[in-house]
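Enquirer: coordinates for the following, if possible.
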Amino acid sequence: MNDLVDLHLHSTFSDGVRTPTELVAMAKGLGLKAIALADHDTVAGIDEALAAGAAAGVEVLPALEFSVAYSSFKDVHLLGYLLDHRDLQLQEILKEFRDRREARGDAIVNRINEKLATEGRKPISSAEAAALAGGALGRPHIAQVLMHKGYVRDMQDAFVRYLLPCDVPKRYFPMEEALATVQRLGGIAILAHPTTITNDRDTLSRIIDELSAMGLSGVEAFNNVCSEQESWFLRSYAEKKGLIWTGGSDYHGIEEGISMGTGRGTMAIPYSCVTELRRMKEERG
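Expert: Just a heads-up that it's a prediction; the model follows:
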């Protein structure tokens, strides 16, 4: 086993297509020393991942990816690592989000069915999509139903022809609430794929500074969105500001050309990122 890790994976409990147990088995096969299950707005798969990791000899970090709004920016993603995922108040907060997500899934299916009707095609059902989801119903599960029906060629075709035109807006956590929740649960808050917020380095630097003053601990410098130059900028900026940096593939199992551990082929995240996360958690008690 090498000393590489992948700190950003998704399972069937949000919008991935692999179960937590399958993700652990894949990580074992790739020789990864550690992984983090960071499903969107749910911690429902973490205990399964922890059990599978203990059995397979793969270290699993509990994590959570919050869908956050900050200032004028929507769908900012905040990763919370090593938090108390069994906290009852967290479970209640996420249940409300899950209920809203399921309502959103139903609304998207209704819109798609309206479009299918204009095309003379039979409707799909939310139940079919929900059967593919281990937890919250996500758009990739709806896409799989469209593929099974023969209405689309592949996942990308499903999004272009149906899911994007028939989308329904998500609800987002306020950034202050998400950061406060991670802190309350003893976790470490990391800004996921920062360049999805903006590519302007001055603006991004200002945002990182503002968020670090609010409790942000670091940035996900290495991911599938950043160029190599952007990744090294984020790493150097984090180190200059006394923040930590992490990385992960953001693997869902549906993206073409993205693999666990290596992302688009060149990602190599060292175990020292896990060491830094655990060190910071210990320092904070």
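Enquirer: make it CA atoms for all contacts and neighbour counts henceforth
Expert: OK.
Enquirer: list the residues that contact the residue nearest to Ser249 when sequence neighbours are not counted.
Expert: Counting by CA to CA, 6 or more residues apart in numbering, Gly263 is the residue found nearest to Ser249 once chain neighbours are left out, at 4.5 Å. With contact set as CA atoms under 8 Å, 6 or more residues apart in numbering, Gly263 has these partners: Asn223, Asn224, Gly248, Ser249, Asp250, Tyr251, Gly257.
Enquirer: would you mind giving those as TSV with distance to Gln144 and secondary structure added?
Expert: Putting the contacts of Gly263 into TSV (distance: CA to CA, whole Å; DSSP: H, G, I helix; E, B strand; the rest coil) gives the following:
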residue	distance to Gln144	secondary structure
Asn223	25	coil
Asn224	23	coil
Gly248	25	coil
Ser249	22	coil
Asp250	19	coil
Tyr251	17	strand
Gly257	18	coil
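Enquirer: between the residues you listed, which is closest to Asp154?
Expert: When the contacts of Gly263 are compared for distance to Asp154 (CA to CA), Gly257 comes out closest, at 14.0 Å.
Enquirer: for Ile208, see how far away the closest residue to that closest one other than its chain neighbours is.
Expert: When the adjacent residues along the chain are set aside, Gly257 lies closest to Arg264, with 5.8 Å between them (CA to CA, 6+ apart). Counting by CA to CA, to the nearest Å, the gap between Arg264 and Ile208 amounts to 25 Å.
Enquirer: more neighbours: which of those two?
Expert: Using other CA atoms under 10 Å, the more surrounded residue of Arg264 and Ile208 is Ile208, with 22 against 16.
Enquirer: picking up where we left off before, hey, what's the residue nearest to Ser249 bridged with?
Expert: Using DSSP bridges, the beta-bridge partners of Gly263 come out as Ser259.
Enquirer: list the helices and strands the helix or strand hosting Glu276 packs on?
Expert: Secondary-structure element containing Glu276, defined by DSSP states H and E: helix 272-284. Judged by 3 or more CA pairs under 8 Å, 6 or more residues apart in numbering; DSSP states H and E, helix 272-284 is in contact with strand 188-191, strand 244-247.
Enquirer: what residues sit buried inside it?
Expert: Taking 16 or more other CA atoms under 10 Å as the neighbour-count basis, helix 272-284 is seen to contain the buried residues Cys273, Val274, Leu277, Arg278, Lys281.
Enquirer: need these in JSON lines with distance to Asp84 and pLDDT, can you?
Expert: Shown next, in JSON lines, are the buried residues of helix 272-284 (distance: CA to CA, whole Å; pLDDT from 0 to 100):
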{"residue": "Cys273", "distance to Asp84": "19", "pLDDT": "98"}
{"residue": "Val274", "distance to Asp84": "17", "pLDDT": "98"}
{"residue": "Leu277", "distance to Asp84": "14", "pLDDT": "98"}
{"residue": "Arg278", "distance to Asp84": "14", "pLDDT": "98"}
{"residue": "Lys281", "distance to Asp84": "12", "pLDDT": "95"}
